[in-house]
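Trainee: Here is my input, please return the structure:
(chains A and B)
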Amino acid sequence: MRVREQFRHAWGLWLLPLVPFVLVIALYAKGSVDRHLENPKDKMMPNLVQLTEGLDYILQVRDKNGYRWEGWNDFHVWQIHRVREFPEGFRILLLEDSWASLKRLFAGLALSSVTAVVVGVHMGAFPVIEVLMFRFISFFSFLPPLALLPLVFIYLGTQEEAKVAIVFLGTVFDLTQNIYLRVLEVPERYVFQSYAQGASTLEVVYKICLRLKLPPILDTIRLAMRPAWVYLIAAELIAAEAGLGYRISLVQRSLRVDVILWYILFIAVLGFLFDVLIRWFIKRAFPWSKYN
Amino acid sequence: MTRVFRLACVLFLIVGLAPSWGAGKPSFTVGVSIWTGWMPFYLMEAKGLLAKRAEAEGITVKLQKFKDYLASVQAFASGSLDACTMTIMDALQPAAGGIQSRAVVVNDFSAGGDGVLAKKGLTMKDIKGKEVLLEQGSVSHYLLIKALEANGLTEGQVVIKNIGGDDAGKAFLTGQCDFAVTWNPHLYTAVEGGKGEILFTSKSIPGEIIDLLIWNGKKLDRDPRPARAVVLAWYDAMEMIVNPRTREEAIKIMSSEAGTTPDDFKKMLGGTDIFTDPKRAVDFMKSDQIKKTVESVKLFLNKHDKLDDMSAEVKFDPSFVPGQGAVSK
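Mentor: Okay, here's the model as predicted:
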């Protein structure tokens, strides 16, 4: 094999990516088997039976008080038409928690993205604003949002605002800096040529700089989803009634690792899905961009 | 290259052999976390009481201090600790996970140290339909249900919002909520600061919120020496606390370990009924009341979807508690 040699083996392209996954699963299985040999009731590394119980716990249809619906035992996924039999105001933990978390995640991320684009683009375009904001942003980007948790919680209370604020604070400074750098990358000659051809300042900022850099900006936002998740999960530890992070911390108390593992997997799947979605969108929406 | 390789080999040898150097005495680990009723553990380590008792058994016992209580329970449930301090509620969880929970010391029960806080002027009747901040599945949750029952209400009539028990207290103190269930120091801080009133405390359910030292049953059967050492050291610490000549020093040490002042710590002690008298502890461990409490806690946990295995047990083993009357009152 030579440096940068193309790899195009037909099976290899499919099988090789699976290897690390299989390896991790095998390691886990080994650990789980060992622990169950030592203690058959072990809950810390659940086996397959326990994992199905965990799945059942998060998917079962519950009445509005959280108790299992009587019909759940003889209900099968394909009998979706039986939805009408579900108790009034029924709940499914996984759906309820994902919905609660996603709302917070996107509210926080939307706020920080909009702020970051507004501030970042203008910083990149106008040196006055750069002077005004640069020190501030780069100073506060070092502020660890998790350390702010107790403060946010005192100032904003235990409602949704506090959780959204944590996601916002966790992402906005880095996003702004990134977007500002992207806009700085707009070649000088584009700016001069636009002006030479009679473009107004507004047009140069929004039609040239912003538009040209929209694909990498979206990509920065895509990458900001990772820290956003981290802060969201942490924020849900403060006063919540639903949410993925909330459920994890709640079932921790009863050592339901079977439930925790599914939630962790689900968070990874959600994150991965949104990642793919945004990448696909960038490709579709900006076919002209060299960035792809 | 060869030199690097040789160096690596030597390093490997050292790393590989290092653990066997300390292998002279068998070593055991007990997890503890900060709570008024558990501060005597910190005391017995600080005063060398534990080291002395362990020495007599020919072993070493390490106290592993957890900042996060739940983490200590999880470490115990995963089997990596020999013993751990926990409340009676959390002692059932490792048992459901196949780790036998055996209580060798009953440390204390909450007698006013946990309570339902409300903004001034509100009564238990006003709680209906309101938001209550507390840590779900914890002693606070249990206490709230008892408080509601005592006032002819049910859990469905309030909105429970989950938050760490300490945070519930802080949220109340900063005026974030009308009702919270929490523990000291938040209770007396709220009352002293005129921020709220205590509507119901653990004093009304004496002997139900119990703190225990739980030993891993399997490990206890294999080697009872560390349990003997720890239990004896615990009563040495009790002796220090009841003896008027050493009491002030004991309180000073415990309060500094807990990160508070001796005066505040005394207030905390007021809400905690520590079993300083071994005879009383033994009687309590053998009593029907404690069995009833375990059943009541089990039903509570089961109802809240936190315990499926109703065969989980906490066994009480007073056999390590020293002869009656060894500690004078």
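
Trainee: Please count neighbours and contacts with C-alpha atoms only from this point.
Mentor: OK.

Trainee: Unless I misread the structure, B:Trp38 falls within a helix.
Mentor: Yes - note on B:Trp38: a helix contains this position according to DSSP: H, G, I helix; E, B strand; the rest coil.

Trainee: Quick one: residues contacting it.
Mentor: B:Val32, B:Thr85, B:Asn107 (C-alpha atoms under 8 Å, 6 or more residues apart in numbering or on different chains).

Trainee: Extract the C-alpha trace of the host helix or strand of A:Arg135 and format it as CSV.
Mentor: Assessed by DSSP states H and E, A:Arg135 sits inside helix A:127-140. Only the C-alpha atoms of helix A:127-140 are listed here, as CSV (Å, rounded to 0.1, in the frame of the first residue of the first chain):
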residue,chain,number,x,y,z
PRO,A,127,-13.9,46.6,10.8
VAL,A,128,-15.8,49.0,13.1
ILE,A,129,-18.0,46.1,14.3
GLU,A,130,-15.0,43.9,14.3
VAL,A,131,-13.3,46.3,16.8
LEU,A,132,-16.5,46.5,18.8
MET,A,133,-17.2,42.8,19.2
PHE,A,134,-14.0,40.9,18.7
ARG,A,135,-12.5,41.1,22.2
PHE,A,136,-15.9,40.5,23.7
ILE,A,137,-16.6,37.4,21.7
SER,A,138,-13.2,35.9,22.1
PHE,A,139,-13.2,36.6,25.8
PHE,A,140,-16.6,35.1,26.5
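
Trainee: Is the helix or strand just after that helix positioned near chain B?
Mentor: Toward the C-terminal end, the helix or strand that comes next after helix A:127-140 (DSSP H and E) is helix A:145-156. Yes - Helix A:145-156 comes into contact with chain B (C-alpha under 8 Å from any C-alpha of the partner chain), by way of A:Phe153, A:Ile154.

Trainee: confidence score at B:Phe12?
Mentor: According to the predicted model, the pLDDT of B:Phe12 comes to 60.

Trainee: Let me see the ranges of the strands in the chain.
Mentor: Here I'm looking at chain A. Taking DSSP state E to define them, one finds no strands in chain A.

Trainee: that's the other chain; I wanted chain B
Mentor: Listed in chain order, the strands of chain B (DSSP E) span residues B:27-33, B:60-66, B:83-87, B:101-110, B:114-119, B:131-134, B:159-162, B:179-183, B:196-201, B:210-216, B:272-274, B:314-316.

Trainee: from these, which stretch is densest packed?
Mentor: Compared across those, strand B:179-183 shows the largest average neighbour count, a mean of 29 (mean count of other C-alpha atoms under 10 Å in any protein chain shown).

Trainee: is that strand anywhere near chain A?
Mentor: No - if you take C-alpha under 8 Å from any C-alpha as the test, strand B:179-183 misses chain A, and the best it gets is 11.4 Å.

Trainee: model confidence over that strand, on average?
Mentor: Summarised as a single mean, pLDDT over strand B:179-183 is 90.

Trainee: thinking again about what came up before, which one of the contacts of B:Trp38 is nearest to chain A?
Mentor: Of all the contacts of B:Trp38, B:Thr85 has the smallest distance to chain A: 14.9 Å, by C-alpha to the nearest C-alpha.

Trainee: and the closest one, what is it in contact with?
Mentor: Under the criterion of C-alpha under 8 Å, 6+ apart, the contact list for B:Thr85 reads B:Gly31, B:Val32, B:Ser33, B:Trp38, B:Val73, B:Asp211, B:Leu212, B:Leu213, B:Ile214.

Trainee: Chain neighbours aside, what residue packs nearest to it?
Mentor: Taking C-alpha to C-alpha, 6 or more residues apart in numbering or on different chains, and ignoring the residues beside it in sequence, B:Thr85 has B:Leu213 as its nearest neighbour in space, at 4.4 Å.
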